[in-house]
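In: give me the fold of what follows.
(chains A, B, C and D)
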There are 2 protein chains.
Amino acid sequence: MKKIVLFEDDADLYSLLKYNLEKEGFAFAGLQTGKGAIDFCRRERPDLILLDIMLPDSDGLDICKLIRRHQELANIPVIFLTARASETDRIVGLELGANDYIVKPFFIRELIARIKIQFRGQTTAARLLRAGNLELDRTSCRVRLDGALLTMTATEFRLLEFLMSRPGVVFSREQLLDAVWGHDRAVTDRTVDVYVLRLRQKIEVDPANPQFIRSVRGFGYSFNDALVQSEAVQSSSAVASLT
Amino acid sequence: MKKIVLFEDDADLYSLLKYNLEKEGFAFAGLQTGKGAIDFCRRERPDLILLDIMLPDSDGLDICKLIRRHQELANIPVIFLTARASETDRIVGLELGANDYIVKPFFIRELIARIKIQFRGQTTAARLLRAGNLELDRTSCRVRLDGALLTMTATEFRLLEFLMSRPGVVFSREQLLDAVWGHDRAVTDRTVDVYVLRLRQKIEVDPANPQFIRSVRGFGYSFNDALVQSEAVQSSSAVASLT
DNA sequence: AACCGTCATGACAATTGCGTTACAGTACGG
DNA sequence: CCGTACTGTAACGCAATTGTCATGACGGTT
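Out: Residues are numbered from 1 along each chain as shown, chains lettered A, B, ... in the order given. Purely as a prediction, here's the structure:
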């Protein structure tokens, strides 16, 4: 689920947006002031920032500049909400690093649509796969068990990734070789056994009684689906329906 | 240089846009009809598409749908230009996969700014990247270690910048070549190794035990994200220095 | 209980991947 | 026009990884 933070001093608009964003399924946090906006963002770690330019105590443009200079926050999309509609206002806002600039009054549904555009293209596949106390990060190619880093070889990692991303599905050794080793493999199917063994020795508490990777006698292997939940994948409905 | 194609039937607006886009340094191509728009795009391979919704012979919305379904064109940003300003028109346009929706009449400079946003990509970036005692300044193209200036070659700098700005993410040599050397590279992937070596000799205390650039055997390289701690921004002084 | 097919396990040799060095071509500034 | 710095390639050696085999354990069936 994506989190959005809002900085808006107008109480009516603030609650209207809060209501609509939450209804839309976004996590929401906000302030009715610009004071401490940077610290607030660092704490909340939002996926998108809605920013009124004319806040009573601080300038939204300055906040945007700070966000863009800040290492942790620089990549978070910023959308300006403002009554300032002049050409130069728009240009300045957009060139400061904002991702969109919406002039008040605006349609709530258009704002929602523009927010979703910012999220489009991100997270086509889940970055993080979780199963109980086991965690696999696709981008950093790392696996953690109870938070502790495990060292995996490339083949071990790819095999685990494949199984974890399709929990509950039983794969034959043939299928696993095709998927993990590639179609042009020249590998015995018993090799899969060895890699499952090596994985179990690393991730299972009791390798003799495997909790994660299950053997399905006569068929192959499968990842225990009772444990799995992947990071929610949120893609725009428009794009999803088009593909 | 980025190429933009325009579909717009109004001759005045067409030439106005052509003039301004070329003046901005974009390559330009366009049609005053929507007929054959897809083929035109496939031939021109634009980096961005400006699309009038109400073309005399075809519907811009349909063209956008086709673009989004088309394998080669699906990822090209589309910006609608239209006189249709109603709420539903906007929503439909945006949800069809357009990246922006600009209502006529509009300011040329705003259009230019919004085009540039599309090219800015997801990585809008902080000016200063820090990781432990290592500091990279993008604007002055300088790297400091414990405050001491290091001399970097252009390629070394770009590689370090790329890795530092995406800490924790593992990149294959292929990806690094694409990102740092450019798409039209004619370079062996082992070249990356040599540059990583050269970087390590400059920034690592013990190049044999790298703290910054980590090798991920079988995958590629990654910048150690454990070191990238953000520094608190002293809001008052920072804001003051921004003017 | 004996049997057979399937799976687990440990050890081994072959292979691959990577760090490193040295070197040739190229760009650039004086 | 020369020298210096930068860029990319080739080659070598070490160490981690990889895949196979032999063997033993297990499960189900007769």
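
In: and residue A:204, how many neighbours?
Out: Neighbour count of residue A:204, defined by other C-beta atoms under 10 Å in any protein chain shown: 16. From N, CA and C alone the C-beta is placed, and that goes for glycine too.

In: how about the residues of chain A by DNA strand D?
Out: Within chain A, the positions near DNA strand D by C-beta under 7 Å from any atom of the strand are A:151, A:153-156, A:181, A:186-188, A:190-191, A:194-195, A:217.

In: now do the same contact list for the closest residue to residue A:150 other than its chain neighbours.
Out: Spatially, and ignoring its direct neighbours in sequence, residue A:150 is nearest to residue A:143 (4.7 Å; C-beta to C-beta, 6 or more residues apart in numbering or on different chains). Residues in contact with residue A:143 (C-beta atoms under 8 Å, 6 or more residues apart in numbering or on different chains) are A:134-137, A:149-150, A:152, A:157, A:160, A:202-203.

In: residue A:136 - that's part of a strand, no?
Out: Yes: according to DSSP: H, G, I helix; E, B strand; the rest coil, residue A:136 belongs to a strand.

In: list the contacts for it?
Out: Applying C-beta under 8 Å, 6+ apart, the residues contacting residue A:136 are A:128-130, A:142-143, A:157, A:160-161, A:164.

In: can you list phi and psi of residue A:48 for me?
Out: phi -160, psi 150 (degrees, to the nearest 10).

In: check contacts around it.
Out: Residue A:48 touches A:2-5, A:76-79, A:115, A:118-119, counting by C-beta under 8 Å, 6+ apart.

In: in chain A, what residue is nearest chain B?
Out: Of all residues in chain A, residue A:154 sits closest to chain B, at 2.5 Å by C-beta to the nearest C-beta.

In: name the nearest residue to that residue, ignoring sequence neighbours.
Out: residue B:218 (2.5 Å).

In: residue A:50 too?
Out: residue A:6 (4.5 Å).

In: confirm that the one you found sits in a helix.
Out: No: per three-state DSSP, residue A:6 lies outside any helix segment and is strand.

In: strands along chain A, start to end?
Out: Per DSSP state E, chain A carries strands over the ranges A:3-7, A:27-31, A:48-52, A:78-82, A:100-103, A:128-131, A:134-137, A:142-145, A:148-150, A:170-171, A:213-216, A:220-223, A:228-230.

In: and the closest residue to DNA strand C within chain A, what are its bridge partners?
Out: Closest contact between chain A and DNA strand C, by C-beta to the nearest atom of the strand, is at residue A:215 (3.5 Å). On the basis of DSSP bridges, residue A:215 is bridged to residue A:221.

In: and residue A:127, how many neighbours does it have?
Out: What residue A:127 shows, counting by other C-beta under 10 Å, is a neighbour count of 16.

In: so it sits against residue A:142, correct?
Out: No: between residue A:127 and residue A:142 there is no contact under C-beta atoms under 8 Å: 11.4 Å.

In: thinking again about what came up before, how far away is the residue nearest to residue A:150 from residue A:156?
Out: 9 Å (C-beta to C-beta, to the nearest Å).

In: same check on residue A:79?
Out: Taken as C-beta to C-beta, the span from residue A:79 to residue A:156 is 42 Å.

In: circling back to that earlier point, turn the strands of chain A into JSON lines, including distance to residue B:50 and mean pLDDT.
Out: Below are the strands of chain A laid out as JSON lines (distance: least, C-beta to C-beta, whole Å; pLDDT from 0 to 100):
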{"stretch": "strand A:3-7", "distance to residue B:50": "29", "mean pLDDT": "98"}
{"stretch": "strand A:27-31", "distance to residue B:50": "34", "mean pLDDT": "97"}
{"stretch": "strand A:48-52", "distance to residue B:50": "25", "mean pLDDT": "97"}
{"stretch": "strand A:78-82", "distance to residue B:50": "21", "mean pLDDT": "96"}
{"stretch": "strand A:100-103", "distance to residue B:50": "17", "mean pLDDT": "96"}
{"stretch": "strand A:128-131", "distance to residue B:50": "37", "mean pLDDT": "89"}
{"stretch": "strand A:134-137", "distance to residue B:50": "39", "mean pLDDT": "94"}
{"stretch": "strand A:142-145", "distance to residue B:50": "42", "mean pLDDT": "95"}
{"stretch": "strand A:148-150", "distance to residue B:50": "48", "mean pLDDT": "93"}
{"stretch": "strand A:170-171", "distance to residue B:50": "47", "mean pLDDT": "96"}
{"stretch": "strand A:213-216", "distance to residue B:50": "52", "mean pLDDT": "94"}
{"stretch": "strand A:220-223", "distance to residue B:50": "47", "mean pLDDT": "95"}
{"stretch": "strand A:228-230", "distance to residue B:50": "38", "mean pLDDT": "59"}
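
In: with that, I have no additional questions.
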